[in-house]
Each structure stands twice: as structure tokens, then as C-alpha cells.
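Colleague: attaching a predicted model along with its sequence, questions to come.
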Amino acid sequence: MGVTVITGERGCGKTTLLREYVDAASRAGRTVGGIASPVVYENGQRLGYDLLDLRRGVRRALARVVRGPEAVSTIGPFRFEETALVEGNAAIVAAVDDGLGVVAIDEVGPLEGGGGGGGGCPDTRPSRGTGRAGAYRCGSDLAL
């Protein structure tokens, strides 16, 4: 099992690069699972994020920006959908447990790693030694 980390500033294309990699892996016959969290825009404004289950192809609202004086945000400017958090965690755990060829976890950032937003993220660190590891910044090529 190898670990690849994609890094970069917000908006540089990390999720796009991840999805291109996942698509290429699928075309190459590798089984793919996990989650992506593409940004959702409305009228040019960031509305929030969706959760995309990469194995099942199911997409649902994950987090939305809350606005207005009566708005109560759960983490920063976002209100997270509890059902999406549970489904996202289940998708990650299932992909790891099933030993899929590629397990993608998009958006392990300050919200998830700081104990907020991840809804009790599962420990998906490899339990065995990794065969390979790599780190890629936005704009670089990510090979299968």
C-alpha cells in the first residue's frame, strides 16, 4: 500500500487533480473508493462543498456557508450535514476494509484534522509498511 499526498493552496486544483487521478486509475482497471469534496458555486460565489462517494458515484451536500444574523455555523462559516459526514466516513472505512486499489480522501485539512468537521474521522493510516509514498503540489503531474 502506498500513500500519496496532494498539497497546495486553496483553489489551486487539488480536488480536480485527485479526480483526474481517480478517473485514470479506474480506466486502468484499478478499483477506486473513498471521497472527494468538490466546491459548489452559485452565481460565482462559493456556496459550500459536496461529498462525492467515489465508489458509488453518489453526490450530496456536505457543507454550506451560513449567512445572516440568525445563522448559526457549526465550524467556521460552514454548517455540515451530519448524514453526509456519516456517509463519508463509511465510504472511507469500506474502501480501506475492502482493500481497494485506490482509496482517495479529499479535504483532510484544518477542519477535519482539528477535530471539527470530520465527525470522528476514522483512522485510515496504513497498518502495514507502505510500498511507496509521494507528495505532489498543485500543477505537477501525478502518475499512476
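Modeller: Perfect, thanks for sending it.
Colleague: show me where the chain has its strands.
Modeller: 3-7, 32-36, 39-42, 45-53, 58-65, 78-80, 102-105, 133-137 (DSSP state E).
Colleague: can I get the longest one in CSV? Just the C-alpha atoms.
Modeller: If I follow you right, that is strand 45-53. The C-alpha atoms that make up strand 45-53 are tabulated as CSV, following Å, rounded to 0.1, in the frame of the first residue of the first chain:
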residue,chain,number,x,y,z
GLN,A,45,-20.0,32.7,-5.0
ARG,A,46,-18.8,29.7,-3.0
LEU,A,47,-21.8,28.1,-1.6
GLY,A,48,-20.0,25.2,0.1
TYR,A,49,-18.9,21.7,-0.6
ASP,A,50,-20.5,18.5,-1.7
LEU,A,51,-19.5,14.9,-0.7
LEU,A,52,-18.8,12.6,-3.7
ASP,A,53,-18.6,8.9,-2.9
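Colleague: output the below-cut-off pLDDT ranges for this protein.
Modeller: Confidence mapping of the chain against pLDDT under 70 gives the ranges 1-2, 70, 73, 108-144.
Colleague: next, name the residue at the spatial heart of it.
Modeller: Centrality entry for the chain: nearest residue to the mean C-alpha point is Asp106, 2.0 Å, by C-alpha atoms, centre = their mean.
Colleague: okay, and the beta partners of the closest residue in space to it that isn't next to it in sequence?
Modeller: Nearest residue to Asp106 in three dimensions, chain neighbours excluded: Ala36, at 4.2 Å (C-beta to C-beta, 6 or more residues apart in numbering). Glycine gets a C-beta too; all of them are placed from N, C-alpha and C. The partner list for Ala36 in beta bridges (DSSP bridges) reads Leu52.
Colleague: okay if I get the strands of the chain as TSV plus mean neighbour count?
Modeller: Converted to TSV, these look like this (neighbours: other C-beta atoms under 10 Å):
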stretch	mean neighbour count
strand 3-7	14
strand 32-36	22
strand 39-42	13
strand 45-53	19
strand 58-65	18
strand 78-80	19
strand 102-105	22
strand 133-137	13
